[in-house]
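Student: predicted structure and sequence below. I'll ask about it afterward.
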Amino acid sequence: MQVPVQNVDCRRSRIAWLKFLATRVVGLAVDTAVLGVAYLSAFALRLDFQRPQWGWRATALSFVTVCVVHLVALIGTGCYRLAWRRIRGSELPRYVGAMALACVVLTAMRVLTPDMSMAHIRPPYSITVISFFLGTIGVIGMRWFWRVYWTSRIKDEELLERDVRTFDNEVARRFFSGKTVLVTGAGGSIGSEIVRQVAAAGAAKVLMVERSENALYEIDRAMRDARCVPLMYDVNDRAKMESLFKAERPSVVLHAAAYKHVPMVEMNPEEGWRNNTEATRQLAELASANGVARFVLISTDKAVNPVSVMGKTKLAAEQAIMALEGPASCCAVRFGNVFGSSGSVVPLFREQISKKQPITVTHPDMKRYFMTIQEAVSLVLQAASRSERAIYTLDMGEPVRIVDLAEGMIEQAGYRPYVDIPIVFTGIRPGEKLFEEIDVSEKSCFKTDMAKIYITK
C-alpha cells in the first residue's frame with residue numbers, strides 16, 4: 001500500500017513545531033528566572049539589601065518592565081531561533097547585542113520619565129547597567145551549560161535504542177594467537193576493524209588484502225605494525241591469490257571483501273555476482289587446497305529470503321562454501337547494518353546534517369538492524385574460533401526505524417527535526433525491503449554456548 005508521504009510529513013512537521021514552541025516557552029521561563037536573579041543581585045550589590053526609597057512594590061513592578069524589554073529584545077534579534085545545545089562563539093554577539101539593546105531602551109525610559117511616580121517603569125541607571133552585565137552572563141551561561149550537558153550525555157550508541165554489549169574475547173585470543181590470518185577487504189569498515197582485533201588477539205601475521213590503494217594506505221598507517229602486511233591484491237585474481245596462499249600458508253581466512261550497496265549491485269548484477277559469489281567460491285577453493293583450517297565469510301541479513309541482487313549473491317556465496325568439499329572448515333556469519341560503516345545511512349545523514357540539507361529517508365516505516373563495528377567484529381571472531389561448518393546468525397536486538405534514527409541524529413547535532421532540518425521520504429529503491437528478516441528464535445536457529453551467536457537451521 002502506498003504510504004501518504006505528504007500526510008506523514010505534515011503530521012511529523014506539526015509535532016516538531018509544537019515541540020519547538022514548547023521548548024521556547026520553557027526557554028522564556030528560564031530566561032525570566034535568570035533576569036530576575038540578575039535584577040535582584042543588582043539591587044543587592046547597589047543598595048546592600050537596603051529597602052529602596054521607592055519601595056519594594058515599585059521595584060517588583062519595575063522588574064516586569066525590565067523583563068518584558070529584555071525578552072522582546074531577545075526575540076526581536078532572533079536569539080530564540082538559535083538552538084541552545086548548538087550555541088557557538090559566533091552567536092555570542094547576537095546575545096550581547098540583544099542585552100545591550102534592552103539596556104539602551106531602559107536607560108531611555110529613565111531619561112524620558114524623570115517623575116518619581118513612574119519609578120515602576122524606569123529602574124535606576126546603576127541597576128540597569130549592573131543588570132546588563134549579570135543578565136548577559138546568566139543568559140549566555142545557561143546556554144553554554146546546556147550545550148556542555150547535552151554533549152556529554154549524547155553518544156552514538158544511544159541512537160541504537162539499546163545497550164551496547166562488550167564481549168570477553170578470550171576464546172578468540174586463544175584461537176588467533178600465533179596464527180597467520182588473511183583478511184580480505186581489509187581497508188573497509190568491517191575489514192579494518194577485523195585487522196585491528198585480530199592483531200590485538202596476538203596473530204603472528206595479518207595479511208591485509210585490499211584492492212583500493214587509499215583504503216589500504218589508511219589501515220596500514222593506522223596499524224603501524226610489522227605483523228600487518230599490506231597487499232594490494234584483487235580477490236578476483238585467482239593466480240595472484242593462489243601465489244599468496246602458497247607463499248604465506250595462512251591458517252585462517254576472514255573474507256570481508258564484497259559489494260554491499262544494494263542499489264549499485266542492482267544496477268550491475270554481473271559485477272555483483274562475479275565479486276560476491278564467484279570470488280568467494282574461488283577463494284574458498286584456494287583456502288581448502290592450501291591447508292587453511294578455517295574460512296569465514298562475512299555475510300548479511302539481506303541473504304535471508306533475498307529480494308535484491310546483492311542479497312542473492314551473498315546467499316549463493318554461502319551455499320557455495322557450504323557445498324565445498326575439503327579439509328577447510330567453512331562458515332558464514334550473518335548480521336545486519338553496521339552503525340557508521342561506509343555506505344550505511346549514518347555517514348549519509350551526517351553529511352546532510354552538516355550541510356543543513358533535507359535528510360532523505362526512503363520510507364517512514366523502514367526498519368533495519370544495527371550493531372556497532374566493534375560488537376559485530378567481536379562476535380565474528382568468536383564465531384571464527386568455533387569448528388562447525390555452519391551459517392551463524394548474530395542476535396542484533398530490536399530493529400531501529402530509520403526515521404527515528406534520522407530524528408535522533410538531527411537532535412544529537414543540536415538541530416530540530418522538521419524545523420531546522422526537514423526529513424523527506426523518497427520511496428523504496430529497487431531491491432529494498434521494509435524489514436530485514438533476522439530471526440534467532442527456536443524455529444529458525446540453534447543457540448550456541450556463546451552469547452548472541454546462533455546457528456541457522
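Tutor: Now that the structure is in, tell me what you want to look at.
Student: please count neighbours and contacts with C-alpha atoms only from this point.
Tutor: OK.
Student: distance of residue 145 relative to residue 437?
Tutor: According to Cα to Cα, to the nearest Å, residue 145 and residue 437 sit 43 Å apart.
Student: which one of those two has more residues nearby?
Tutor: Here residue 145 and residue 437 are set side by side on neighbour count (other Cα atoms under 10 Å), and the busier one is residue 437, at 17 against 13.
Student: secondary structure class for that one?
Tutor: coil (DSSP: H, G, I helix; E, B strand; the rest coil).
Student: does it touch residue 301 like I think?
Tutor: Yes: contact status for residue 437 versus residue 301: in contact at 6.6 Å, counting by Cα atoms under 8 Å.
Student: which one is residue 102 nearest to, not counting chain neighbours?
Tutor: The shortest distance from residue 102 to any residue other than its chain neighbours is 5.2 Å, reached at residue 70 (Cα to Cα, 6 or more residues apart in numbering).
Student: the one you found - how many residues pack around it?
Tutor: Around residue 70 sit 25 other residues, with neighbours defined as other Cα under 10 Å.
Student: for it, report the pLDDT, please.
Tutor: For residue 70, the model assigns a pLDDT of 93.
Student: mind checking how far the closest residue to residue 292 other than its chain neighbours is from residue 204?
Tutor: Residue nearest to residue 292 in three dimensions, not counting chain neighbours: residue 251, with 4.6 Å by Cα to Cα, 6+ apart. Residue 251 sits 11 Å away from residue 204 when distances are taken as Cα to Cα.
Student: what about those two, which has more around it?
Tutor: Using other Cα under 10 Å, the more surrounded residue of residue 251 and residue 204 is residue 251, with 20 against 16.
Student: quick check: the more buried one touching residue 183?
Tutor: No: under the criterion of Cα under 8 Å, residue 251 makes no contact with residue 183, lying 11.2 Å away.
Student: what do residue 251 and residue 204 both touch?
Tutor: Contact criterion Cα atoms under 8 Å, 6 or more residues apart in numbering; residues bridging residue 251 and residue 204 by contacting each: 179, 180.
Student: who are the packing partners of the longest helix along the chain?
Tutor: Determined from DSSP state H, the single longest helix within the chain is helix 5-47. With contacts taken as 3 or more Cα pairs under 8 Å, 6 or more residues apart in numbering; DSSP states H and E, helix 5-47 sits against helix 55-76, helix 125-153, strand 423-425.
Student: and the shortest one, how far out from the chain middle?
Tutor: Relative to its parent chain, strand 423-425 has a centroid offset of 18 Å by Cα atoms, centre = their mean, to the nearest Å.
Student: elements contacting that strand?
Tutor: helix 5-47, strand 359-361.
Student: quickly, which of those bottoms out on average pLDDT?
Tutor: Between these, the one with the least mean pLDDT is helix 5-47; it has a mean of 80.
Student: run the chain-centre distance for it.
Tutor: For helix 5-47, the distance from its own C-alpha centre to the chain's C-alpha centre is 28 Å (Cα atoms, centre = their mean).
Student: same question, stretch 415-431
Tutor: Stretch 415-431 sits 16 Å away from the centroid of its parent chain (Cα atoms, centre = their mean).
Student: and it, what's buried?
Tutor: 415, 416, 417, 418, 420, 421, 422, 423, 424, 425, 431 (16 or more other Cα atoms under 10 Å).
Student: ok, the second one - contacts?
Tutor: Residue 416 makes contacts with 16, 20, 83, 410, as judged by Cα under 8 Å, 6+ apart.
Student: now do the same for it: its pLDDT.
Tutor: What the model reports for residue 416 is a pLDDT of 80.
Student: doesn't residue 330 lie inside a strand?
Tutor: Yes: with the criterion set as three-state DSSP, the secondary structure at residue 330 is a strand.
Student: dump the helices and strands packed on helix 5-47 into JSON lines; add distance to residue 42 as well.
Tutor: As requested, the helices and strands packed on helix 5-47 are arranged in JSON lines below (distance: least, Cα to Cα, whole Å):
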{"stretch": "helix 55-76", "distance to residue 42": "11"}
{"stretch": "helix 125-153", "distance to residue 42": "5"}
{"stretch": "strand 423-425", "distance to residue 42": "46"}
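Student: deepest of those, which one?
Tutor: strand 423-425 (a mean of 19; mean count of other Cα atoms under 10 Å).
Student: may I have the strands that pair with it, each with its orientation?
Tutor: Sheet partners assigned to strand 423-425 using DSSP bridges are listed as strand 359-361 (parallel).
Student: so how far is the partner strand off the chain centroid?
Tutor: 14 Å.
Student: after it comes which helix or strand?
Tutor: Taking DSSP states H and E as the definition, the helix or strand that follows strand 359-361 towards the C-terminus is strand 367-368.
Student: what mean pLDDT would you report for that next one?
Tutor: 88.
Student: try stretch 202-221
Tutor: When the per-residue pLDDT values of stretch 202-221 are averaged, the result is 97.
Student: identify the residues contacting that stretch?
Tutor: So stretch 202-221 is contacted by 173, 176-188, 192, 195, 198-199, 227-235, 257 (Cα under 8 Å, 6+ apart).
Student: could you list the buried residues of it?
Tutor: The neighbour-count criterion (16+ other Cα under 10 Å) identifies 202-211, 215-216, 219-220 as the buried residues of stretch 202-221.
Student: same question for stretch 73-87.
Tutor: When burial is assessed from 16+ other Cα under 10 Å, stretch 73-87 yields the following buried residues: 73, 74, 77, 79, 80, 83, 84, 85, 86, 87.
Student: in the stretch 101-250 of the chain, which spans are strands?
Tutor: 180-184, 205-209, 228-231 (DSSP state E, counting those that start in this stretch).
Student: can you list those strands in CSV and add distance to residue 42?
Tutor: Converted to CSV, the strands of the stretch 101-250 of the chain look like this (distance: least, Cα to Cα, whole Å):
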stretch, distance to residue 42
strand 180-184, 68
strand 205-209, 67
strand 228-231, 66
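Student: residue 286: which of these is closest?
Tutor: Closest to residue 286 of the strands of the stretch 101-250 of the chain, according to Cα to Cα: strand 180-184, at 12.3 Å.
Student: surely residue 223 meets residue 194?
Tutor: No: under the criterion of Cα under 8 Å, residue 223 lies out of contact with residue 194, with a separation of 11.7 Å.
Student: the more surrounded of those two?
Tutor: Each of residue 223 and residue 194 had its neighbours counted (other Cα under 10 Å), and the higher figure belongs to residue 194 (28 against 15).
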